[in-house]
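In: just to be clear, the model below is a prediction. Sequence and coordinates:
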Amino acid sequence: MKIVIAIDSFKGSLTSMEAGRAIRDGIRRVLPETEIIVKPLADGGEGTTEALVEGLGGELIRAKVHGPLDSPVQASYGVLADKRTAVMEMAAAAGIILAGKDLRPEKATTYGVGEMIRDAVERGCRSFIIGIGGSATNDGGIGMLTALGYEFLDENGEPAGIGGEAPGRVASIRTEKAMPELKECSFRIACDVTNPLCGPNGATYIYGPQKGVTDGMRDDMDRAMARYADVTRRCLGTDFAEYEGAGAAGGLGFAFLSYLNADLQPGIELVLEAVDMESAMEGADLVFTGEGRLDHQTAMGKAPVGIARLAKKHGAKVVALAGSVIEGAEQCNEEGIDAYFSVLRRIMTLDQAMEPETARQNIAGTTEQLIRLLASAES
């Protein structure tokens, strides 16, 4: 029997690989000689950097960069074992969590994201995997690009700025001082939204309010973004304003597409490709997946469902484990998960359940009993 394990993190408790190794331990208690492959799993959002660094080998790098507003932050990103691949989450430098209650979309900037990229490039990285969810910004990526050496000038030839006010001030763009190494770099961007840059379904209208964009600011900021797109088209000859995902992260998707020739992919697809999950699934008989909480949102394309669909392509049975199972989780059965189980084995508080050692014991113990059932059914 060949078993593949690819389970998302139990946030606040176990990483993806820690949860996966707990499942492996439970299997080994019953089938010590069985072939088992443990792969990291994430969906391109929070936790993706840690999952890929731990699962694929590498190290976490800390860099002092500009936060979304005035204060510097210590941002972490990963460099994988090949020393050429960097894994990042834009939220580490420009996330809405970093802004807290101080939401100022006209000032918030992605400059720190560019500083992270610059730091990785200077370390020799040329391949980038970047998740762009959870932003506090609506600057069209001008902050990030400025940190990389692009110049955005107003009508007087002065810098247009690096925050949310910058798109409306841009009159010309100069690329001569952009890092020359960027031409050697490839960017794969985890992006799960399909919004264009501008208009009623664009970055400002749809996502601006959660970042502090008021009704009085919205129209002006959207027009400013359209102006920025027009200047970009005139100066660079690229036209991505209507492209799906251009409006992601306050227009950061547009910046990656227009200036860095990036490839935008659904987060789960990007991660599965990065960890070569397809090869791992070949010949698999049983696949374990799951996450901290299984519910109807899981069935809407989250990481465990991505694993289930790939497993079914290879004819494997799929079991999902979760800390809790919420009403609506039954929809997961329709998306390829054959059966799912909560790992809780006795009544306990949430804090007790999330204690790492308790979570490991619960996962391993539940897995052991499932494997004993399957083994007895086959004998």
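Out: Structure's in. What do you need? Numbering: from 1, shown residues only.

In: contacts, neighbours, all on C-alpha from now
Out: OK.

In: what count of nearby residues applies to the residue nearest to Ala299 when sequence neighbours are not counted?
Out: The shortest distance from Ala299 to any non-neighbouring residue, by CA to CA, 6 or more residues apart in numbering, is to Cys332 (4.8 Å). By other CA atoms under 10 Å, the residues close to Cys332 number 24.

In: thought Gly301 was touching Cys332, still the case?
Out: No: if you go by CA atoms under 8 Å, Cys332 and Gly301 don't touch, sitting 9.6 Å apart.

In: can you name the residues in contact with the helix or strand where Asp25 lies?
Out: Asp25 is part of helix 16-28, with elements assigned from DSSP states H and E. For helix 16-28, the surrounding residues in contact (CA atoms under 8 Å, 6 or more residues apart in numbering) are 5-10, 34, 36, 38-42, 51, 54-55, 288, 360-361, 363-368, 371.

In: how about 6 Å then?
Out: Residues outside helix 16-28 that contact it (CA atoms under 6 Å, 6 or more residues apart in numbering) are Ile5, Ile7, Asp8, Ser9, Pro40, Ala51, Arg360, Ala364, Thr367, Glu368.

In: list the ones among the residues you listed that fall in strands.
Out: Ile5 (DSSP state E).

In: pull out the buried residues from the following helix or strand past the helix holding Asp25.
Out: Moving toward the C-terminus from helix 16-28, the next helix or strand (DSSP H and E) is strand 35-38. Across strand 35-38, burial judged by 16 or more other CA atoms under 10 Å covers Ile36, Ile37, Val38.

In: same check, this time on stretch 296-312
Out: Neighbour-count burial for stretch 296-312 [16+ other CA under 10 Å]: 296, 298-299, 301-312.

In: where do the helices sit along the stretch 151-300 of the chain?
Out: Using DSSP state H, counting those that start in this stretch, the helices of the stretch 151-300 of the chain run over 203-207, 215-236, 248-260, 267-274, 277-281.

In: contact partners of the fourth one?
Out: It refers to helix 267-274. For helix 267-274, contacts defined as CA under 6 Å, 6+ apart pick out Asp43, Gly44, Ala190, Cys191, Ala303.

In: which of these ranks first by neighbour count?
Out: The most neighbours of any of the contacts of helix 267-274, using other CA under 10 Å, belong to Gly44, which has 29 neighbours.

In: what number of residues lie near the closest residue to that one other than its chain neighbours?
Out: Excluding its sequence neighbours, the residue lying closest to Gly44 (CA to CA, 6+ apart) is Gly267, at 4.2 Å. By other CA under 10 Å, the residues close to Gly267 number 26.

In: ok, Glu330 to Gly67 distance?
Out: Applying CA to CA, to the nearest Å, the value for Glu330 to Gly67 is 41 Å.

In: more neighbours: which of the two?
Out: More crowded of Glu330 and Gly67, by other CA under 10 Å: Gly67, with 25 against 17.

In: give me the pLDDT value at the more buried one.
Out: The score at Gly67 is 97. That number is its pLDDT.

In: OK, contacts around it?
Out: Applying CA under 6 Å, 6+ apart to Gly67 gives the contacts Val73, Ala93, Ala94, Gly112.

In: highest neighbour count among the residues you listed?
Out: Highest neighbour count within the contacts of Gly67, by other CA under 10 Å: Ala93, with 33 neighbours.

In: contact partners for it?
Out: Ala93 touches Gly67, Ala75, Gly112, Val113, counting by CA under 6 Å, 6+ apart.

In: could you say which helix or strand contains it?
Out: helix 91-94.

In: which element follows that helix toward the C-terminus?
Out: Using DSSP H and E, the next helix or strand after helix 91-94 towards the C-terminus is helix 96-99.

In: now do that next one: everything it contacts.
Out: Here helix 96-99 makes contact (CA under 6 Å, 6+ apart) with Gly134, Ser135, Ala136.

In: can you lay out these as JSON lines showing pLDDT and neighbour count?
Out: Output for the contacts of helix 96-99, formatted as JSON lines (pLDDT from 0 to 100; neighbours: other CA atoms under 10 Å):
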{"residue": "Gly134", "pLDDT": "91", "neighbour count": "20"}
{"residue": "Ser135", "pLDDT": "94", "neighbour count": "28"}
{"residue": "Ala136", "pLDDT": "96", "neighbour count": "34"}
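
In: ok, those vs Met277, which is closest?
Out: Gly134 (25.9 Å; CA to CA).

In: isn't that closest one right next to Met90, touching?
Out: No: checked against CA atoms under 6 Å, the pair Gly134 and Met90 is beyond contact range at 7.9 Å.

In: how many neighbours does Asp276 have?
Out: Counted with other CA under 10 Å, Asp276 comes out at 12.

In: ok, the one 10 residues further on next?
Out: Residues lying near Leu286 (other CA under 10 Å) number 18.

In: that one and Asp338: what is the separation?
Out: To Asp338, Leu286 is 10 Å away according to CA to CA.

In: so Tyr340, which state does it fall into?
Out: Three-state call for Tyr340 (DSSP: H, G, I helix; E, B strand; the rest coil): strand.

In: so what's it up against?
Out: Val319, Ala320, Leu321.
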